[in-house]
Each structure stands twice: as C-alpha cells, then as structure tokens.
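Novice: got a predicted structure plus its sequence, pasted below:
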Amino acid sequence: MKKHLKMVRRWDIVIVLSLMLASFFPLGFFTYVQAKSGETELKAVISADGEFITEFILADDGQTEEYVYIDDHGHENTVVRDGMMVYMSDASCNDQLCVRKGDISSVGETIVCLPNHLLVEVEPSHSDAEIESDLDIIS
C-alpha cells in the first residue's frame with residue numbers, strides 16, 4: 001500500500017481536484033440558462049420535414065388548443081396545448097413513441113414522430129437576435 005502512495009505526486013492531487021471542480025461547470029451553466037429561460041414567454045413550434053407548420057403560445061390561461069396535422073400520405077398527428085403543456089394525443093404511426101412521450105413544457109424539450117416526420121419543440125417566444133435588434137447602438 002505504501003508503495004502505491006509513493007507514486008502519487010503533489011501535482012497529481014492538484015490535477016485530480018481541478019478536474020473534479022471543473023466537472024461541475026456544465027451543471028452550473030445549464031442551471032443558469034434554464035433559470036434565465038423561465039423568465040420568457042414560451043411557444044411550441046410544430047414543423048414537418050424541417051418546414052414550419054404552426055405554433056402555440058404557451059400561456060397558463062386554462063384553455064386547450066388542438067391541431068391536427070395530416071401529411072400528403074394521409075398520416076395524422078394530433079397535437080394538444082393544455083395551458084403551459086403540449087402533448088401529442090394521437091398519431092397514426094405504429095410505434096406510438098410520440099404519444100407515450102407525454103407532455104413537454106420547458107425550453108428545448110421535443111416530441112418527435114419519426115415515421116410521420118413531425119417535430120414539436122418548445123422555444124422562447126423572442127429569440128436573442130430579436131432582442132438584440134430591439135437595442136440601439138447607445139443602449
């Protein structure tokens with residue numbers, strides 16, 4: 001045991017402790033970004049084959065909105081907004097993974113229906129580019 005302890009140098013301990021501390025950086029960064037995104041209004045964007053279809057503004061108004069998407073091949077997906085949550089209530093695909101995904105309500109969460117090429121994603125209502133364009137050179 002003593003033979004193994006003699007192999008450990010002072011800088012080995014410094015490097016290991018530095019790496020351990022650095023491993024917590026992503027946790028802090030993503031927690032900060034998530035907390036900052038909670039201050040903005042959210043929207044759920046529905047797209048198919050990379051093309052924008054429609055969007056829902058996520059508001060805690062107690063209302064329920066429903067959108068039925070039917071593609072060129074007759075595949076059907078039903079997307080429901082219930083207050084601040086969005087979920088896929090029905091899909092004509094075989095695996096039903098998109099329906100079993102459940103509801104989404106946080107920035108970056110997605111529901112994907114691969115067989116029907118449909119994507120539902122929660123995004124902030126105002127992108128950083130829109131916010132920056134509202135600022136003038138003086139401010």
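Specialist: Structure received. Numbering: from 1, shown residues only.
Novice: excluding sequence neighbours, find me the nearest residue to the most centrally placed residue in the chain.
Specialist: The chain has G108 as the residue nearest its centroid, 1.2 Å off, counting by CA atoms, centre = their mean. Nearest-residue entry for G108: V122, 6.8 Å, with adjacent residues in sequence omitted and distances by CB to CB, 6 or more residues apart in numbering. Heads up, the C-betas are built off the backbone N, CA and C, glycines and all.
Novice: where does the one you found sit, in terms of helix or strand?
Specialist: V122 belongs to strand 118-124 when elements are defined using DSSP states H and E.
Novice: sheet partners, orientation included, of that strand?
Specialist: Its sheet considered, strand 118-124 pairs with strand 42-48 (antiparallel), strand 110-113 (antiparallel) by DSSP bridges.
Novice: flag the shaky bits of the protein, pLDDT-wise.
Specialist: Within the chain, the ranges that satisfy pLDDT under 70 run 1, 37-39, 127-139.
Novice: quick one: the helices in it?
Specialist: 2-7, 10-22, 25-37, 97-100, 128-134 (DSSP state H).
Novice: of all those, which one is nearest V86?
Specialist: helix 97-100 (11.6 Å; CB to CB).
Novice: so which elements touch the closest one?
Specialist: Helices and strands touching helix 97-100, as assessed by 3 or more CB pairs under 8 Å, 6 or more residues apart in numbering; DSSP states H and E, comprise strand 85-91, strand 110-113.
Novice: now those as a markdown table including distance to D60?
Specialist: Compiled in a markdown table, the helices and strands packed on helix 97-100 are given as follows (distance: least, CB to CB, whole Å):
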| stretch | distance to D60 |
| --- | --- |
| strand 85-91 | 10 |
| strand 110-113 | 20 |
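Novice: for K36, which of these is the nearest?
Specialist: strand 110-113 (19.8 Å).
Novice: what's the offset of that closest one from the middle of its chain?
Specialist: 10 Å (CA atoms, centre = their mean, to the nearest Å).
Novice: stretch 59-70 now?
Specialist: Worked out by CA atoms, centre = their mean, stretch 59-70 lies 19 Å from the chain centre.
Novice: list the buried ones in it?
Specialist: Within stretch 59-70, the residues that qualify as buried are Y67, Y69, counting by 16 or more other CB atoms under 10 Å.
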